[in-house]
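A.B. asks: model this:
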Amino acid sequence: MIHRRKFLQFGTLGAGTFFSGKLFAGNAKVNKPLVLSTWSAYIEANRTALQILQSGGSALDSVEKAANAIENTIDCCVGLGGNPDRDGIVTLDACIMDENARCGSVSFLERIKNPISVARRVMEKTPHVMLVGSGAQQFAVSEGFHLEEQKLSPDAQKAYEDWLKKSEYKPQVNIENTKGQHSFAPNKLANGSFNHDTVGIIALDTNGNLSGSCTTSGLAFKMRGRVGDSPVIGAGLFVDNEVGAATATGVGEEVLRICGTHLVVELMRQGLHPEEACRKAVERILKKNTNAKEIQVGFIAINKQGVYGGYCIQSGFDFVVGSATEKNIIVKGKHVA
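C.D. replies: Residues are numbered from 1 along each chain as shown. Predicted coordinates:
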C-alpha cells in the first residue's frame, strides 16, 4: 500500500505514468529496455537505439548510435548539415555519459561528422571530460576521424545568405517540429528568426544500466565561440545509475543557469516522479526568466524503475518513447506557459 503522503505526491503524474504503468514500488517489474529521445522529428534516433537495446546491446552503445543516426543526416540542428554561426562556420557540441559516471564531451568542434563518437573517445581514452575547439579536432583526427571539407549544406547556405540580409538574432520556438520536418525550411523563416536545436537520448538497457547522449550544432547564427548546455554534463545531460537520467533541449543558456538535468535527477533522488521532476526544473527557469513566451526548454527523464516523463515551457515540444511494449510512440510534452 502506498503511504498517503506518497499518494499525494503522485497526484499530478502525467502521460509517462500511464504509458509505462509503473510507479516506484520496489518489487515492481522494471520497464526495460527503454529509450527516450527529444523531438518526434528525430524518431530515427529512437528506432536505432531501441533496436540495439532489444538485441541485448548496452545503453551506452544505443545512445551513441542513435545520435550518429541524426548526425549523419542533412539537418538544420544537428551535425555538419546544421546552421552555421555568424561567421558562416558550423561548430558542433556533444556529450555522453554512462552508468559508471564516466563522461566525455566536445565543444566548438569543426569539420568532424560524428561529435558524439569523439565525445565517447574522450571519455574512454583520455583523463579528461571535455575537449574544445582545435584541441578537440586534433584529438579526433588522431583517433582516426576524417576531417571533412568546410562547406555548408545547401539549405544551411541558403539560410545563412538570407540571415545576412538583416543579421537579426531571434530564436524561434519549436522550429524543429515545423510540420514534422527536421530539415531546414528557409521559407518558414523569412522574418529572420532561426533556431537551434538538440537531440538528447537517454536509455535503460536489459541489465538495468542507464546512459545518455546529447548532440547539436547549437543556436543558428550564434556568436563565434558560443557554447550552450548540450556538451555540459549536468546541464544538457546527466546520468546517475542509482537514480535515473535526464536530458534537455531548447535555449541552452536557460538550462545552464539552473544546471537543469542535474536538478531533474536530484529531484528524482528525492522521490519525485520523472515528469514532476522535469516540471519543477521548468518552473525554476520560469522563476528566473520573465520572457518565457519567447523561449522553449524541455526536459525528459527516466528513473531506474523504467518510469519516464517530460515537461516543457510551451506547447509544441514532444519526445519519443521506445520499449518492449511502446514502439517509438510520440508523447506530447506537458507545458506550463
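A.B. asks: drop to CA atoms for contacts and neighbour counts, all remaining ones
C.D. replies: Will do.
A.B. asks: Tally up the residues packed near residue 226, please.
C.D. replies: If you count neighbours by other CA atoms under 10 Å, residue 226 ends up with 13.
A.B. asks: So, low pLDDT: which residues of the stretch 101-250 of the chain?
C.D. replies: Applying pLDDT under 70 to the stretch 101-250 of the chain flags residues 169-197.
A.B. asks: Grab the most central residue of the protein for me.
C.D. replies: residue 200 (2.1 Å; CA atoms, centre = their mean).
A.B. asks: OK, contacts around that one?
C.D. replies: 37-38, 67, 212-215, 236-237, 247-249 (CA atoms under 8 Å, 6 or more residues apart in numbering).
A.B. asks: got it, and residue 78?
C.D. replies: Counting by CA under 8 Å, 6+ apart, residue 78 touches 70-71, 92, 197-199, 215-218.
A.B. asks: how near is it to residue 108?
C.D. replies: 13 Å (CA to CA, to the nearest Å).
A.B. asks: Give the intersection of the neighbour lists for these two.
C.D. replies: residue 92.
A.B. asks: Pick the one among the contacts of residue 200 closest to residue 82.
C.D. replies: residue 215 (11.3 Å; CA to CA).
A.B. asks: Against residue 296, how distant is that closest one?
C.D. replies: Distance from residue 215 to residue 296, counting by CA to CA: 17 Å.
A.B. asks: before we move on, what about residue 143?
C.D. replies: 36 Å.
A.B. asks: what about the two, which has more around it?
C.D. replies: residue 296 (24 against 13).
A.B. asks: so what's the more buried one scoring on pLDDT?
C.D. replies: Residue 296 is assigned 92 on the pLDDT scale.
A.B. asks: wait, it sits on residue 250?
C.D. replies: Yes - Residue 296 sits in contact with residue 250 when judged by CA atoms under 8 Å, with a separation of 5.3 Å.
A.B. asks: Give the residues shared as contacts by the two.
C.D. replies: Common neighbours of residue 296 and residue 250 (CA under 8 Å, 6+ apart) do not exist.
A.B. asks: List phi and psi for residue 270.
C.D. replies: When read as degrees, to the nearest 10, the backbone of residue 270 gives phi -80, psi 0.
A.B. asks: Any idea how many residues pack against it?
C.D. replies: Using other CA under 10 Å: residue 270 sits among 10 other residues.
A.B. asks: For residue 277, see how far away it is.
C.D. replies: Distance of residue 270 to residue 277, computed by CA to CA: 9 Å.
A.B. asks: for residue 242, same thing?
C.D. replies: 16 Å.
A.B. asks: ok, the two, which is more surrounded?
C.D. replies: Using other CA under 10 Å as the criterion, residue 242 and residue 277 rank with residue 277 on top: 28 against 14.
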